[in-house]
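> Need a 3D model of the sequence below.
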Amino acid sequence: MSDEKNTKECCPESDERDSDFTRLISEHPCYDKNAQHKFGRIHLPVAPDCNVQCKFCVREFDCVNESRPGVTSKVLTPQEALEKAKDVIKEHPFIKVVGIAGPGDPLANDETFETFELIKKEFPDITLCMSTNGLVLPEKLPELVRLGVSTLTVTVNAVDPEIIEKIYSYIIYDGKVLKGIEAAKIMHRNQMDGIKAAVEAGLVLKINTVLIPTINDDHIIDIAKKMKEMGVYIMNVMPLISQAEFAHITPPTAQERAAVQKECEPYVTQMRHCRQCRADAYGLIGEDMSQVSEKRRKLINIKKT
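Predicted structure coming up:
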């Protein structure tokens, strides 16, 4: 009897986990470049509050003209989010992922957990996904696991506190506003502890890293190496959107971003099809139906069915 057969007979749960992992990846448009053309996602904007202030972040809660993280046309209540998801999924059954990505940090909002509870009950087979800065991930992870969140994105812009300090104006932790290297060390520790615990819990991890020229551009390879060590599945190097305190920084060119991705590829699979989606985006990654006309949405739906 071969070792492979022995493994399958002795550990059928291993086969089940592998099957679940394959399905998650193959139906998640952010995790599989081929899935982006077949499967969609809906972001539910139920999380307006944030516990950090990134120097490149401007959040807008009534924005209809921009397509970037941190903006939404409206912040929804958990019940409104459920109704929105029901309507969208009924009309567009190719949507396989329900995610919460802001417009603040999901883990800083109780509404995130209320919404996932409602979605899990209504759609027990759909993939639940969430994005976070990771500041309170270690303490909130057990609740995410209980709710069935299976794919998780953590924004990691540095793994060196001295660089982290340059990227965040402040954090709010344990009821206190913290700045400088103290805040950076807490941010780093909690991100690493949270990622480690999430991987061990069986979640599939994606890392978002904002490429900020003159700040972390020479450091991103170190992030990739650390993420490989921790078992992260995929890494998304995102170009800086020059705004807020970093409005003066020239964003990286497509060629500069591609060069960083190529350097990181040996360590972590690179996501190259990101569109830096809104907090209320839905549909295919390249066709955000929250920003198109009803007529266009119907045409897209006909094409997918």
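> tell me the contacts of Asn133?
Cys50, Asn51, Val52, Cys54, Asp105, Val154, Thr155, Met187, Gln191 (C-beta atoms under 8 Å, 6 or more residues apart in numbering). To be clear about C-beta, it is placed using only N, CA and C from the backbone, and glycine gets the same treatment.
> pLDDT wise, what is it at?
The score at Asn133 is 96. That number is its pLDDT.
> how close does it get to Asn51?
7 Å (C-beta to C-beta, to the nearest Å).
> who touches both of these two?
The contact sets of Asn133 and Asn51 overlap at Asp105 (C-beta under 8 Å, 6+ apart).
> picking up where we left off before, can you tell me which of the contacts of Asn133 are buried?
Cys50, Asn51, Val52, Cys54, Asp105, Val154, Thr155, Met187, Gln191 (16 or more other C-beta atoms under 10 Å).
> and which of the residues you listed is nearest Ile119?
Using C-beta to C-beta, Asp105 comes nearest to Ile119 of the buried ones among the contacts of Asn133, at 18.6 Å.
> sec struct for the nearest residue to that closest one once chain neighbours are set aside, please.
Closest residue in space to Asp105, ignoring its immediate chain neighbours: Cys50 at 4.6 Å, by C-beta to C-beta, 6 or more residues apart in numbering. Classification of Cys50 using DSSP: H, G, I helix; E, B strand; the rest coil returns coil.
> Who are the contact partners of Cys50?
Going by C-beta under 8 Å, 6+ apart, Cys50 touches Cys57, Arg59, Gly102, Gly104, Asp105, Ala108, Asn133.
> would you turn these into TSV with secondary structure?
Formatted as TSV, the contacts of Cys50 follow (three-state DSSP):
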residue	secondary structure
Cys57	coil
Arg59	coil
Gly102	coil
Gly104	coil
Asp105	coil
Ala108	helix
Asn133	coil
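> Tell me where the stretch 201-305 of the chain has helices.
220-230, 254-264, 294-304 (DSSP state H, counting those that start in this stretch).
> and the ones you listed, which one's lowest on average pLDDT?
Lowest mean pLDDT within the helices of the stretch 201-305 of the chain: helix 294-304, a mean of 50.
> Next one: the closest residue to Thr214 other than its chain neighbours from Pro213, what distance?
Using C-beta to C-beta, 6+ apart and skipping residues adjacent in sequence, the residue nearest Thr214 is Ile249, 6.5 Å away. From Ile249 across to Pro213, the span is 6 Å (C-beta to C-beta).
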